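K.L.:
need coordinates for the below:
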Amino acid sequence: RSSGDAELQILRILPEVAHGGAAAFTKKCKELSECDTAMKSGDLAGDLGWLDKDPAKNRKVPAAVVRAAFLLAVGQVSDLVSSERGIHLILRTA
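P.N.:
Residues are numbered from 1 along each chain as shown. Okay, the predicted model is just below:
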């Protein structure tokens with residue numbers, strides 16, 4: 001799908017994900033995401049695991065995603081985050 005299509009799709013689900021917590025986020029990741037973590041992680045769909053504040057230490061995660069993740073409070077959902085790998089939505093859980 002195009003970046004524009006991805007942005008529209010994320011904007012449509014943002015209210016549900018923002019108010020539904022981790023369960024809603026995981027459910028939508030399983031349904032809609034095209035990233036490796038969503039496709040391979042089962043119940044942890046979309047889970048990036050522990051990230052280091054230094055983007056260079058998170059080789060598999062785009063730097064823009066790492067920076068955005070550390071700006072969020074625990075439980076907060078990000079706005080759209082754009083990287084060289086696509087459009088992302090982040091829920092910080094820890």
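K.L.:
determine the longest helix present in the protein.
P.N.:
helix 3-32 (DSSP state H).
K.L.:
which other helices and strands does that helix contact?
P.N.:
For helix 3-32, the helices and strands in contact under the criterion 3 or more C-beta pairs under 8 Å, 6 or more residues apart in numbering; DSSP states H and E are helix 36-40, strand 86-88. Backbone N, C-alpha and C define where each C-beta goes, glycine included.
K.L.:
weakest of those in terms of mean pLDDT?
P.N.:
Ranked on mean pLDDT, the bottom entry among the helices and strands packed on helix 3-32 is helix 36-40, at a mean of 64.
K.L.:
so which bits of the longest helix of the chain are buried?
P.N.:
Of all the residues in helix 3-32, those buried under the rule 16 or more other C-beta atoms under 10 Å are 6, 9-10, 13-14, 17, 20, 24-29, 32.
K.L.:
now do the same contact list for the spatially closest residue to Ile10 that is not a sequence neighbour.
P.N.:
Take Ile10 and drop its neighbours on the chain: the residue closest to it by C-beta to C-beta, 6 or more residues apart in numbering is Leu89, 5.2 Å away. Contact partners of Leu89, counting by C-beta atoms under 8 Å, 6 or more residues apart in numbering, are 10, 14, 17, 25, 77-78, 80-81.
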